[in-house]
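Enquirer: Starting from these lines, generate the structure:
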Amino acid sequence: MPARSEPRRGAAAPEPAGELPRMSLLEHLEELRRRIVRSLLALLVGMAACLSWAPEICRWLARPIQQFLPEGTKLAFLGVTDPFLLYFKTALLAGTFLAFPWILWEVWRFVAPGLYPKERLWAGPFVVLGWLFFVGGGAFAYWIAFPRAVQFLMEIAGPDLMPVITVERYYGFLLTIVLGLGLMFELPILLVLLAKIGLVTPRFLLRNFRWAVLIIFVVSAVITPTSDLVNLSLFAVPTIALYLLGVAGAWLVAPRPAAEPKS
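Expert: This next block holds a predicted model:
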């Protein structure tokens, strides 16, 4: 009979079938550093690709405020470096939307070692849906939430005050809302991912729904520049709906408890 081959001395024993690979804390930190560096590089590439288009993007982003400015006036700047910083930030914003699929891919690659082989097949839907939700949040901010907030704030001033709005204040305000809502629209994807890897359950999410609503309103109040209930609801209500959508998605993907054998 042929001799049975023995494992080499010092070689690591193979992982049992069905078990997940194990990583030490230092390996986790090194993997996290690698993914962060790659995400930042993707962000820089996206920003560089959008930098030459920054003036056109700025003109497009200025449309919500143009109707409220006195005729013949434009957004003002106070420092000689303000236009350069403005174009840099605008290119960074556009580059974020451009590079976001790659950033999601890096997030998935960091999480994937803790998933079973069948669960790793969710990479494509995670990246595509995550990017679509992020773009949807930015679009909702630009076309609905931000114009309503600008209209409310400008109407408060009334006809007795003349607006002198600087590019730094206006675009800083706009970028906060667009990025904030873009990230808040990632909530369903986050909940589904947490449920898929077993960190939360649909029952847990529903049981803590009131706390989730409280947190959503607090975050919305931080992002929202106005104090009226209408504008606050423009941010909070869609996010609550997205939370419930995430609960529904978590119910679909959450691991089912194994059935007890019949005696």
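Enquirer: where along this protein do the helices fall?
Expert: 25-51, 54-61, 63-66, 82-111, 123-140, 146-157, 167-184, 187-196, 202-207, 209-223, 229-253 (DSSP state H).
Enquirer: Okay, residue 194 and residue 55: tell me how far apart.
Expert: Per Cβ to Cβ, to the nearest Å, residue 194 is found 41 Å from residue 55. From N, CA and C alone the C-beta is placed, and that goes for glycine too.
Enquirer: who's more crowded, these two?
Expert: Neighbour count, other Cβ atoms under 10 Å: between residue 194 and residue 55, residue 194 has more, with 17 against 12.
Enquirer: Which residue ranges make up each domain of the protein?
Expert: Structural domains assigned to the chain are 25-185, 187-254, following automatic domain parsing.
Enquirer: Now render the ones you listed as CSV, adding mean pLDDT.
Expert: Listed next are those as CSV, based on pLDDT from 0 to 100:
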stretch, mean pLDDT
domain 25-185, 90
domain 187-254, 87
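Enquirer: residues in contact with the residue nearest to residue 76 when sequence neighbours are not counted?
Expert: Among residues not flanking residue 76 along the chain, residue 166 sits closest, at 5.3 Å (Cβ to Cβ, 6 or more residues apart in numbering). For residue 166, the contacting residues are 75, 76, 77, 78, 82, by Cβ atoms under 8 Å, 6 or more residues apart in numbering.
Enquirer: Could you rerun that using 10 Å?
Expert: Neighbour list for residue 166: 75, 76, 77, 78, 79, 82, 86, 172 [criterion: Cβ atoms under 10 Å, 6 or more residues apart in numbering].
Enquirer: That one and residue 74, how far apart?
Expert: 11 Å.
Enquirer: repeat for residue 241
Expert: Residue 241 is 38 Å from residue 74, by Cβ to Cβ.
Enquirer: do residue 83 as well
Expert: For residue 83, the distance to residue 74 - Cβ to Cβ - is 12 Å.
Enquirer: overlap in contacts of the two?
Expert: residue 167.
Enquirer: Any buried residues in stretch 113-132, and which?
Expert: For stretch 113-132, the neighbour count (16 or more other Cβ atoms under 10 Å) marks 115, 122, 123, 126, 127, 129, 130, 131 as buried.
Enquirer: Can you convert these into TSV and add a column each for distance to residue 35?
Expert: Converted to TSV, the buried residues of stretch 113-132 look like this (distance: Cβ to Cβ, whole Å):
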residue	distance to residue 35
115	15
122	18
123	14
126	14
127	14
129	20
130	15
131	17
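Enquirer: quick one: contacts for the closest residue to residue 178 other than its chain neighbours?
Expert: The shortest distance from residue 178 to any non-neighbouring residue, by Cβ to Cβ, 6+ apart, is to residue 141 (4.5 Å). For residue 141, the contacting residues are 147, 149, 174-182, 184-185, 223, 234-235, by Cβ under 10 Å, 6+ apart.
Enquirer: now do the same end-to-end measure for stretch 116-128.
Expert: From its first residue to its last, stretch 116-128 covers 20 Å (Cα to Cα, to the nearest Å).
Enquirer: Let me see the residues that make contact with it.
Expert: Under Cβ under 10 Å, 6+ apart, the answer for stretch 116-128 is 18-20, 100-109, 111-115, 129, 189, 192-193, 196-197, 253, 255.
Enquirer: picking that back up, of the contacts of residue 166, which is the nearest to residue 211?
Expert: residue 172 (30.8 Å; Cβ to Cβ).
Enquirer: Just want the most central residue of the chain.
Expert: Centroid-nearest residue in the chain, with Cα atoms, centre = their mean: residue 183, separated by 2.9 Å.
Enquirer: Could you measure from that residue over to residue 112?
Expert: Residue 183 is 22 Å from residue 112, where distance means Cβ to Cβ.
Enquirer: and if you look at residue 95?
Expert: 25 Å.
Enquirer: between the two, who's got more neighbours?
Expert: residue 95 (20 against 14).
Enquirer: Okay then, goodbye and thanks.
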